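>>> Fold the following, please.
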Amino acid sequence: MIKVGIIGGTGLERPNYLDKVTKILTDTPFGKPSSALYTGSFNDVEVFHLARHGEEHTIPSTLVNHRANIYALKDLECSFIMATSTCGSLQEEICPGEFIVLDQFIALTKHRQNTVYEELKPGEVRYTPMAEPFSESLRDHLIEGAIISGFTVHTKGTVITIEGPRFSTRAESNLYRSWKADVINMTTAPEVIIANELDIPYATIAVCTEYDSWRTETLSPSPAEIMEVIAQNTEKLVKVITHALNKLDQGEE
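Below is the predicted model:
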């Protein structure tokens with residue numbers, strides 16, 4: 001049976017889409033993952049669901065233990081990882097409530113552990129190719145799931161991952177736009193980096209919750225307004241994820 005890891009972002013802490021769910025408590029050489037792992041079946045796929053920010057959303061983006069999260073899924077022999085995330089838009093055409101399936105990232109985090117390689121053997125070299133960091137086949141499954149469900153989805157895009165927890169200044173936001181970045185968030189890197197280091201195909205689908213601060217035509221939304229956008233799209237994200245699980249179940253890797 002194929003094993004797939006799902007990292008649920010804000011709004012997708014619980015694996016309500018799974019059958020016969022059991023709870024697994026685990027540890028890793030990098031500490032405990034953000035939450036217990038919930039394993040259950042989806043058709044003939046064994047899924048391990050992990051809440052990036054904890055089951056009660058108590059872990060801020062800056063303190064997520066990405067190394068432990070990815071390592072735990074690797075240790076459970078997951079062949080693929082799909083993740084959900086939120087993001088702010090850096091482009092007019094990417095609107096709040098729409099989805100984007102990322103294909104590139106720019107990492108601007110400063111204080112996070114972004115590698116599992118803490119020590120090398122004498123003469124050993126560890127460089128991980130990162131030109132194409134997201135799995136093309138997983139991206140295709142997520143895009144197809146969004147399209148056939150009638151959801152607006154942007155089929156590629158570059159995400160800037162900043163340290164947080166603050167949002168960007170307007171000057172920073174305009175700088176990122178000048179780099180041709182499409183969206184901004186606080187979690188995709190180093191998560192995708194570590195997945196690549198551990199050789200696990202990985203993809204993210206993000207829901208846009210607001211325009212970033214470059215856009216002067218609108219006011220910055222309140223946290224409650226952002227959470228409302230997330231809540232409105234959680235079931236949609238589940239629909240896209242389960243479509244991708246069906247494709248993997250059919251052997252379309």
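>>> Show me where the stretch 51-200 of the chain has its strands.
Counting by DSSP state E, counting those that start in this stretch, residue ranges of the strands within the stretch 51-200 of the chain are 80-89, 99-101, 104-107, 153-154, 158-161, 183-185.
>>> Where is the longest helix in the chain?
helix 223-249 (DSSP state H).
>>> For the residue lying closest to Val183 once chain neighbours are set aside, give me its contacts.
Sequence neighbours aside, Cys87 is the residue nearest to Val183 in space, at 3.9 Å (criterion: C-beta to C-beta, 6 or more residues apart in numbering). For every residue, glycine as well, the C-beta is placed using N, CA and C. Cys87 makes contacts with Ile100, Val159, Val183, Ile184, Asn185, Ala206, Val207, Cys208, Thr209, as judged by C-beta atoms under 8 Å, 6 or more residues apart in numbering.
>>> I'd like the residues you listed laid out as CSV, including pLDDT and neighbour count.
Formatted as CSV, those follow (pLDDT from 0 to 100; neighbours: other C-beta atoms under 10 Å):
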residue, pLDDT, neighbour count
Ile100, 98, 27
Val159, 98, 29
Val183, 98, 26
Ile184, 98, 27
Asn185, 98, 23
Ala206, 98, 27
Val207, 98, 25
Cys208, 98, 27
Thr209, 97, 24
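>>> now, which of those residues sits nearest Glu136?
Ile100 (15.7 Å; C-beta to C-beta).
>>> Quick check: the nearest residue to that closest one once chain neighbours are set aside vs Lys23, distance?
Of all residues not flanking Ile100 in the chain, His154 sits nearest, at 4.2 Å (C-beta to C-beta, 6+ apart). Using C-beta to C-beta, to the nearest Å, His154 is found at 35 Å from Lys23.
>>> So which elements touch the longest helix of the chain?
strand 2-8, strand 37-42, strand 45-51, strand 80-89, strand 99-101, helix 136-148, strand 202-211 (3 or more C-beta pairs under 8 Å, 6 or more residues apart in numbering; DSSP states H and E).
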